[in-house]
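Chemist: generate coordinates for the sequence data below:
(chains A and B)
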Amino acid sequence: MSNLFDLLVAGLATGAIYALVAVGFTLLWQTSQTINFAQGEFVMLPAFLMLAAMHVGAPFWLAIILGILLSMILLGLAFKLLLVDPMMRHGVLPLAIATMALAIGIKEAVKQFFSAEASPFPSIVPTGDVSILGHAVSLQSIGVLVVAILAVFGLTALLNRTSLGHQMQAAAQNPTVARIIGVPVERMILLTFLINAFLVALASLLITPIYLAKFSSGEVLGQAAFIAAIVGGFNQVRGAIAGGLLIGVLDNLAAAYVSTQYRAAVPMIFLIAVILFRPQGLLGRAEERTV
Amino acid sequence: MSGFAKPLKIALGLAVIAALIVVPMNFNRYGLFILSQWAVMSIAAMGLNLTLGYAGQVSLAQGAFVGIGAYAAAIMTTHGWPLPAAIVVAIALSFAVGWVLGYPALRVQHHYLAFVTLAFSTLAFLVFRNESWLTGGIYGISNIPRPHIFGIATNKPLPFYYVCLGSLAIVSLAVWWLIRSPWGRAFMALRENPLRAQSLGVDTRRYTLMAFAIGSALGGVAGALYAPLTQYIDPVPFNLSLSLDLLMMVIVGGAGFYFGPFLGAMIAVLLPEWLRFTEGYYLMLYAVAVMLLLIWSPTGILGILDRAMAARRTKAASALRAVAKSRLETVQ
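Modeler: Numbers count the residues shown, from 1 in each chain, chains lettered A, B, ... in the order given. I've put the predicted structure just below:
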C-alpha cells in the first residue's frame, strides 16, 4: 500500500511535467496546426541555455531568467517567424517534417556546442523528504507538482478569465470571424508560441534536476507529451493536463506492476485504444477547436 | 516538345543506370556500403511513397517493417535458409502485419493515423529488444551470412552492392507497373477524394488496407537486404527515428512522385556523408538543409521541377494561344 502511494506521488510529479509540455503542444496545434515533433527538444534546450548562462558566471536565479527569456526568443519568436510562418499555408505534413529536422538540428547543436555527456543540473527545490500521512515524500516531487499546478492554473485563468484569453480562444476557434470582429489574430498566434516557449522552459527547469541535462533526453519526453496530448484530447487544454497526469501515473504503475521491459508499451497500447475508440480524446470534443 | 523528350528521358535513365553499375567498381569498402545502403533505403522509401504519396495514408511505422524484414532474414539465414526464401517470408510477414495496421486507417485519418502508427513503431521496437529468445535482445544477431546468387558468393562488398542494386531495379519495375495499373489509379483516387472514389465503385476499404500492406511489404524487402548488408543487427537502428527518417526521405524527395524516394534516400544517406568534412557539424547542416528545402518547396525536390515544368508548359501554351489569336485576327 505504501508502495502504491509512493508510485502515485512520483507518477503525478512526472505527469505534471508531461502536462506542461502537452498543453504547449495542443496550444500550437489549435492556433496554427503545427504538430511540433521538436517539442521534446524544446524541453531539453532551455536547461542548456541556463547552464551556459551559469558557465559565464551568472548566479542561478539570473540564469533561470535568462534561460526563460532566451527560450521565448528562440523557441517562441524565431521558431514561429522563421519556420512556421513560411510553411503554415502548405498544410500539416511538410511543417511536421520540418520540425523533425529541427529536432535533429537542436540535438546536434547541443551535442556539438555543449557536451555529449549528461550534465548535472541544480534543483530549484531543496532535496530531502517530508512526512505526509506517514509516508516519506521527496520535496522535489512536491515542488514539481506545486509549480506545475500553479502554471496550469495561471494559464487556465488567463485563457478563461481575461479578455486576452478570450481573444486567443476566438483566434483558435475561428480565425476568419475573429479577424472580422477585430481580434489581432496574428498577434494571438504569436502569443501562443511565446506561452509554449515559456511552458517548455518551465518544464525544463523542473525535470532536468531529476533526469540530468543530456542532448538526447528530449526524445522520451517529447513522445510522452505527445501521447498525453492525444489521450487527453488534442483540442482541449484541460484534456492535455488530464492526459499528462494519467500518462505519468500509468507509466510509473506499469514499471512497478507490469514489467520494466514493457513499461513503455502500456501508454502506447492505451494510446491506440483511445484513438480507435474515442479519437477526440478522453476529454476532447469531436470536430471542434477550442483553447 | 514531347517529340524528343521521350528518347532524351530514356537516354538519361540508361546513363544513370550505367553509372550506377560502372562507377562504383573502384569504390572502397565504405563507399560501396553507403551506396548499398542508399539502394536499400530507396526500396523502403518507395514502399512508404506508395502508402503516403499515392494512397495518402500517413504512416510512421515504415522503420518497424524494415526491422521485421531484417529480423526475419537474420533469423532464417543464420539457421541455414537461403536469402530468397527469407525475402519471401519477410514480404509475407510485413504484408500481413501491414494489412492489420491498415485497419485503424479505416477509422481515423491524418494525424491520428500518424500517432497510431507511431505507437505501433514503438511497440515493435520493444518486441525486438525484449524477446531475446527470438531476436537476441540488445545483443542482436551477428554473423548474418551473405547469399550465393547463381553460385556466385557475394561476401565481398561489390557483388553484394549489385545484389542491392538488382533488387532495387526489380522493385522499381514492380512499382512502376503497379502505379500504372488500375490499382495505382485506385490508390490515387483514394488520396484525392475518398468519397468520390467510393461512389465510383472503388472498394476504398480494400484499397486502404492494400496500400498499407504493399507499402509495408516493401519495407520488409528493404529489411531483408539490410540484415545481410550490415551482417549484424540489433534493435537500435529500427527505432522510431528510422520511421521518421524514411518519412523525411519521401517528403524531401517529393511525395507522390515516382522518383521522389530515390532522391530523398540519396539526400538522407549521401548528403550527411558528403558533409562529413565539416566533422561535428554535418548532421546540423543536414537538418538546416532539409528545413530550408521544405520552406522553399513543401512538395520536395521534385515539386520544384514539377512547378518549373508546369510554368514552361503554361508559357508554351499561351504562346501558341497568342499565335492562334493573331491568326484569327488576320483572317478577320
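Chemist: state which helix of chain B is the longest.
Modeler: Counting by DSSP state H, the longest helix found in chain B is helix B:301-331.
Chemist: cool, and chain A?
Modeler: The residue-count maximum for a helix in chain A (DSSP H) belongs to helix A:2-32.
Chemist: just checking, what packs against it?
Modeler: Helix A:2-32 is packed against helix A:39-55, strand A:135-138, helix A:139-161, helix A:163-173, helix A:185-211, helix A:218-232, helix A:237-257, with contacts defined by 3 or more CB pairs under 8 Å, 6 or more residues apart in numbering or on different chains; DSSP states H and E. Using the backbone N, CA and C atoms, a C-beta is placed for each residue, glycine as well.
Chemist: which parts of that helix are buried?
Modeler: Of the residues in helix A:2-32, A:6-7, A:9-32 count as buried by neighbour count, 16 or more other CB atoms under 10 Å in any protein chain shown.
Chemist: now stretch B:158-167
Modeler: Of all the residues in stretch B:158-167, those buried under the rule 16+ other CB under 10 Å are B:159-165, B:167.
Chemist: same question for stretch A:258-277.
Modeler: Neighbour counts over stretch A:258-277 (16+ other CB under 10 Å) mark A:262-268, A:270-272, A:274-275 as buried.
Chemist: stretch B:19-33 too?
Modeler: Going by 16+ other CB under 10 Å, stretch B:19-33 has these buried residues: B:20, B:24, B:32-33.
Chemist: quick one: the buried residues of stretch B:158-167 as a markdown table, columns for pLDDT too.
Modeler: Listed next are the buried residues of stretch B:158-167 as a markdown table, based on pLDDT from 0 to 100:
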| residue | pLDDT |
| --- | --- |
| B:Pro159 | 89 |
| B:Phe160 | 91 |
| B:Tyr161 | 93 |
| B:Tyr162 | 92 |
| B:Val163 | 92 |
| B:Cys164 | 94 |
| B:Leu165 | 94 |
| B:Ser167 | 94 |
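Chemist: for the stretch 51-200 of chain B, what lies in contact range of chain A?
Modeler: Within the stretch 51-200 of chain B, the positions near chain A by CB under 8 Å from any CB of the partner chain are B:58, B:104, B:107-108, B:110-112, B:114-116, B:118-120, B:122-123, B:126, B:129-130.
Chemist: again, 6 Å this time
Modeler: B:104, B:107-108, B:111-112, B:115-116, B:119, B:122-123, B:126, B:130 (CB under 6 Å from any CB of the partner chain).
Chemist: pull out the buried members of those residues.
Modeler: Buried among those (16+ other CB under 10 Å): B:104, B:111-112, B:115-116, B:119, B:122-123, B:126, B:130.
Chemist: secondary structure for those - can I get that in a markdown table?
Modeler: Formatted as a markdown table, these follow (DSSP: H, G, I helix; E, B strand; the rest coil):
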| residue | secondary structure |
| --- | --- |
| B:Pro104 | helix |
| B:His111 | helix |
| B:Tyr112 | helix |
| B:Phe115 | helix |
| B:Val116 | helix |
| B:Ala119 | helix |
| B:Thr122 | helix |
| B:Leu123 | helix |
| B:Leu126 | helix |
| B:Asn130 | helix |
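Chemist: now for the residues you listed, which pair is the farthest apart?
Modeler: Farthest-apart pair in these is B:His111 and B:Asn130; separation 28.6 Å (CB to CB).
Chemist: one step back: ok, the buried ones among the residues of the stretch 51-200 of chain B next to chain A vs A:Leu221, which is closest?
Modeler: Minimum distance to A:Leu221 across these is 14.2 Å, recorded for B:Thr122 (CB to CB).
Chemist: could I get the contacting residues of that closest one?
Modeler: A:Met268 (CB atoms under 6 Å, 6 or more residues apart in numbering or on different chains).
Chemist: change it to 8 Å
Modeler: A:223, A:264-265, A:268, B:239-240 (CB atoms under 8 Å, 6 or more residues apart in numbering or on different chains).
Chemist: you'd agree B:Leu285 is up against B:Leu275?
Modeler: Yes: between B:Leu285 and B:Leu275 a contact is recorded at 5.2 Å, counting by CB atoms under 8 Å.
Chemist: could the residues of the stretch 51-200 of chain B next to chain A go into CSV alongside pLDDT?
Modeler: Shown next, in CSV, are these (pLDDT from 0 to 100):
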residue, pLDDT
B:Pro104, 82
B:Arg107, 79
B:Val108, 76
B:His111, 74
B:Tyr112, 79
B:Phe115, 83
B:Val116, 86
B:Ala119, 89
B:Thr122, 89
B:Leu123, 92
B:Leu126, 91
B:Asn130, 90
